[in-house]
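Novice: I would like to see how this sequence folds:
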Amino acid sequence: MKRDLLAAAFLLSCLPVGPVLAQTPFTPPPSSDPPPMPVSEDVVRQAEAQADGQFGAMRRARVGGQIQEAWDEGDEGSAVFEYKACARCTYKVRLREQMVTVLELPDGEMFKAADLGDTAAFKVESRSSRLIAVKPLTMGVDTNLVVYGTSGAVYPFYLRAEAFNSENITDFVVRLVGGIEKDGPDLVGSVSMSSSGSMAGRPAGDLAQAIDGLETAAPESKEGDYVQEARFDPDRLRGWGEYELWGDDGLRPETVFRDDYFTYIRFGQAWKDVELPTAYVTVDGVDELVNTRVQGATFIVESTQRLITLKSGARYLCIRYPEGAA
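Specialist: As a prediction, this is how the structure comes out:
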């Protein structure tokens, strides 16, 4: 009994007094949406200006310390290099990152087209009929550039890109001097085959008809000129059926023959489907570019090296004249 009375007294003590309940204000539950944030005056000002295209000036710091100190002692003519043009030359060009080099073709020559080995690391553009601008896009790389002139001559360049801290004075202008013959035949021989020939032996039909149209291989040399006289002699043509060929069948010609000066690669009807290849000769185990030209469906290589390699993109064809053959 006593326990029940104590429990009832405890419950009554926990109940609020009536007047207190009447004076407690009602508090609504909090809203789920936050109140809007105030907009800065700077934000309003920039938004109005940008709507009119006014974004303000921006100062950007450049990284210094990239001056080529080799120029501190460089002579005025250090960056201009002249080559005497020749039929068997490869012209070496030293480039520098963030700089442009100009290649100048010989007097009388005009730019026709060019093939660049590495288009990802180098940029080449024609600036006039004789001037070609070359710029490396990085450093520590090399490639080759083959320039084709309207005269039919081919100018092979070796390009090397060096860094800003190179100890070498790089080339600003590389000039080919010597000129070409404006009047008279081209520097290199021309050939027009009237017979398709066969790798199994000499061209079909009469030999005189097969080589009809072959002209002087080079103009008569003049004092101080770099071209030597090389008269075409049909009696010196040889090599039909003796060449060994291996590589891509898409570059395989109908026949190959030579004389004392040039190697003639006859493609015949297949020529229309062949991309113009680049010719290399092997000297001391190293491939070197060699001048070429096209006459009709015949690809003329200005060399009689026993091993000649034709390259077109990733394709190649090796042409070898056997040892002991005349």
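Novice: what's next to stretch 269-282, contact-wise?
Specialist: 115, 146, 196, 250-254, 267, 287-290, 292, 294, 297, 299, 301, 303, 305, 307-313, 317 (Cβ atoms under 8 Å, 6 or more residues apart in numbering). For glycine as for every other residue, the C-beta is placed from the backbone atoms N, C-alpha and C.
Novice: taking these one by one, which sit in helices?
Specialist: Among the contacts of stretch 269-282, no member falls in helices (DSSP state H).
Novice: all strands of the stretch 51-200 of the chain, in order?
Specialist: Ranges of strands in the stretch 51-200 of the chain, per DSSP state E, counting those that start in this stretch, are 80-84, 91-96, 101-104, 111-116, 122-126, 131-136, 141-149, 154-162, 173-177.
Novice: dump those into JSON lines; add distance to Glu244 as well.
Specialist: Listed next are those as JSON lines, based on distance: least, Cβ to Cβ, whole Å:
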{"stretch": "strand 80-84", "distance to Glu244": "35"}
{"stretch": "strand 91-96", "distance to Glu244": "31"}
{"stretch": "strand 101-104", "distance to Glu244": "37"}
{"stretch": "strand 111-116", "distance to Glu244": "27"}
{"stretch": "strand 122-126", "distance to Glu244": "35"}
{"stretch": "strand 131-136", "distance to Glu244": "37"}
{"stretch": "strand 141-149", "distance to Glu244": "26"}
{"stretch": "strand 154-162", "distance to Glu244": "25"}
{"stretch": "strand 173-177", "distance to Glu244": "35"}
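Novice: adding distance to Asp259, mean neighbour count and mean pLDDT, write the ones you listed out as TSV.
Specialist: TSV is the format used below for the strands of the stretch 51-200 of the chain (distance: least, Cβ to Cβ, whole Å; neighbours: other Cβ atoms under 10 Å; pLDDT from 0 to 100):
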stretch	distance to Asp259	mean neighbour count	mean pLDDT
strand 80-84	26	15	88
strand 91-96	27	20	91
strand 101-104	32	21	94
strand 111-116	26	16	90
strand 122-126	34	16	91
strand 131-136	33	19	93
strand 141-149	23	19	91
strand 154-162	19	22	92
strand 173-177	27	18	92
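Novice: Arg236: which of those strands is closest?
Specialist: strand 154-162 (23.2 Å; Cβ to Cβ).
Novice: show me what the closest one packs onto, helices and strands only.
Specialist: Applying 3 or more Cβ pairs under 8 Å, 6 or more residues apart in numbering; DSSP states H and E, we find strand 154-162 packed against strand 91-96, strand 131-136, strand 141-149.
Novice: sheet partners, orientation included, of that strand?
Specialist: Strand 154-162 has these partner strands in its sheet, going by DSSP bridges: strand 91-96 (parallel), strand 141-149 (antiparallel).
Novice: dump these to a markdown table, plus distance to Val177.
Specialist: Below are these laid out as a markdown table (distance: least, Cβ to Cβ, whole Å):
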| stretch | distance to Val177 |
| --- | --- |
| strand 91-96 | 11 |
| strand 141-149 | 15 |
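Novice: how does the chain divide into domains?
Specialist: If you go by the TED database, the domain ranges for the chain are 74-177, 234-320.
Novice: rebuild the ones you listed as a markdown table, extending it with distance to Ile67.
Specialist: Formatted as a markdown table, the domains of the chain follow (distance: least, Cβ to Cβ, whole Å):
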| stretch | distance to Ile67 |
| --- | --- |
| domain 74-177 | 7 |
| domain 234-320 | 34 |
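Novice: for Gly53, which of those domains is the nearest?
Specialist: Per Cβ to Cβ, nearest to Gly53 of the domains of the chain: domain 74-177, 31.9 Å.
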